[in-house]
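*Asks:* Next comes the sequence, and after it the predicted model I'd like to discuss.
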Amino acid sequence: MTASSKKLLQPAESAYLGRVFTDIEQTLAVVGTCTTTESLSMSFSQSFNVLKSTDASVLFKAAATNDIDLIIFCAQGEKAMWVESLRKIRSHSILNAIPVIVLTEHNSVNEQLIALELGALDCMAKPANPFVLHAKVANYMKLMKNVKELELVSSTDGLTGLSNKMQLETMVTSEWYRMKRSQSPLSSLMIDIDYFKPYNDKYGHLAGDEALKAVAAVIKNVASRNSDFAARFGGEEFVVLLPSTDADGAEKVAKDILDEVSALDIPSANQELPQLTVSIGISSFEPHCLSQQDKSPGHLLDQADKQLYRAKQRGRNRYCR
Ligand code: GH3
Ligand code: MG
Ligand code: MG
Ligand code: MG
């Protein structure tokens, strides 16, 4: 037996809780009304941001405004009741991606199988040994940290730090259906750098990359509401989604982007324009105006692309709606 495995087999339990993984940026939701829920919330509040929820519906409200990393679900009362409650959590649009540890009264094989089949990550008997539970929570929290880092990398454009095209596609679909549900407008901007091929040819690709980063920073800075979303769509093209924003509002955002890109004062490779500029196509949709043909989310970017084409035709460094 190695010295390290010996140490693992003989934990100094009283000292253990003091050195478990701690990250107050991460959020643990504890669901239930039993005394266990209270004591768990207390003991974990040293290590994580703890959200107490009496039942699934309270948890749903919390999930809308909090970024939950892990759920401890205390199964209590009639089996049919807690199974239904767990099922609701596991089929919720946000919560279904969050791992759940279920604590049951008896932890019979039957109870464990039900919880695991509903997608629980782990199942323990109440009262759970606090050291084991803290160690498990610490491990799952570390795992969730890695998962989130991977999700971020896979949804981000490496050059500009904006979201990438894959993430944009997800957002277009979700914002489109949110717009239809919420009865508030949705606008999008398709932005393309003018004469960028000659710019690269004249100043080189590295300078081209720097210009792309500078334009991306302007876009991010202008589309600054929490709900705004900016992505690199392709080479020198960007898309901005503006939820709850009508055509007039989108026009203001487009105008600010035009002005601020010009103000970067990056030299142009085209004699007609003194600075590097962009052209912008705007599309706006109001749910009550959607005709039968306008049903799919793809319309949002198709319309913006058509308007971008018009802006290019009309001489660039402008927007069309
Ligand atoms: P227009 O005004 O009509 O938009 O003309 P344009 O030259 O910008 O359009 P075109 O689509 O012909 O050229 C886009 C150029 O963008 C091609 C390529 O040189 C450049 N580009 C695309 N991706 C990158 C990139 O990642 N880095 C750099 N430096 N240049 C890129
Ligand atoms: Mg282009
Ligand atoms: Mg271009
Ligand atoms: Mg192009």
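*Replies:* Now that the structure is in, tell me what you want to look at. Ligands and ions are numbered 1, 2, ... in the order given.
*Asks:* can you list the residues of this structure near ligand 3?
*Replies:* Proximity of the chain to ligand 3 is confined to 192, 193, 196 under the rule C-beta under 5 Å from the ion. C-beta: built from backbone N, CA, C; applies to glycine.
*Asks:* mind redoing it with 8 Å?
*Replies:* Within the chain, the positions lying close to ligand 3 (C-beta under 8 Å from the ion) are 192, 193, 194, 195, 196, 197, 235, 236, 237, 279, 312.
*Asks:* So what does the spatially closest residue to the fourth one that is not a sequence neighbour look like in phi/psi?
*Replies:* Spelled out, it's residue 195. Closest residue to residue 195 apart from its sequence neighbours, by C-beta to C-beta, 6 or more residues apart in numbering: residue 270 at 4.2 Å. With angles defined as degrees, to the nearest 10, residue 270 sits at phi -120, psi 130.
*Asks:* So residue 270 sits against residue 201, correct?
*Replies:* No. Between residue 270 and residue 201 there is no contact under C-beta atoms under 8 Å: 11.1 Å.
*Asks:* who's more crowded, those two?
*Replies:* Remark: of residue 270 and residue 201, residue 270 carries more neighbours, 15 against 12, as counted by other C-beta atoms under 10 Å.
*Asks:* Let me know the distance separating that one from ligand 1.
*Replies:* Taking C-beta to the nearest ligand atom, to the nearest Å as the measure, residue 270 falls 8 Å from ligand 1.
*Asks:* Who are the contact partners of that residue?
*Replies:* For residue 270, the contacting residues are 194, 195, 198, by C-beta atoms under 8 Å, 6 or more residues apart in numbering.
*Asks:* quick one: which of those has the most company?
*Replies:* For the contacts of residue 270, counting by other C-beta under 10 Å, the largest number of neighbours falls to residue 194: 24 neighbours.
*Asks:* List the contacts of that residue.
*Replies:* 268, 270, 273, 276, 277, 278, 279, 312, 316, 317.
*Asks:* likewise residue 79?
*Replies:* Counted by C-beta under 8 Å, 6+ apart, residue 79 has contacts 111, 114.
*Asks:* Now, of the residues of the chain next to ligand 3, which are buried?
*Replies:* Among the residues of the chain next to ligand 3, those classed as buried by 16 or more other C-beta atoms under 10 Å are 192, 193, 194, 195, 196, 236, 237, 279.
*Asks:* send the alpha carbons of stretch 158-172 over as CSV?
*Replies:* Provided in CSV are the C-alpha atoms of stretch 158-172 (Å, rounded to 0.1, in the frame of the first residue of the first chain):
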residue,chain,number,x,y,z
GLY,A,158,-11.2,31.8,-31.3
LEU,A,159,-10.1,35.0,-33.0
THR,A,160,-12.7,37.6,-31.9
GLY,A,161,-14.0,36.0,-28.7
LEU,A,162,-17.6,36.5,-30.0
SER,A,163,-19.9,33.4,-30.2
ASN,A,164,-19.4,31.2,-33.2
LYS,A,165,-21.7,30.2,-35.9
MET,A,166,-22.8,27.0,-34.2
GLN,A,167,-23.9,28.9,-31.1
LEU,A,168,-25.6,31.5,-33.3
GLU,A,169,-27.8,28.8,-34.9
THR,A,170,-28.9,27.6,-31.5
MET,A,171,-29.7,31.2,-30.4
VAL,A,172,-31.5,32.1,-33.6
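*Asks:* For it, buried residues please.
*Replies:* Neighbour-count burial for stretch 158-172, counted by 16+ other C-beta under 10 Å, picks out 160, 162, 163, 164, 167, 168, 171, 172.
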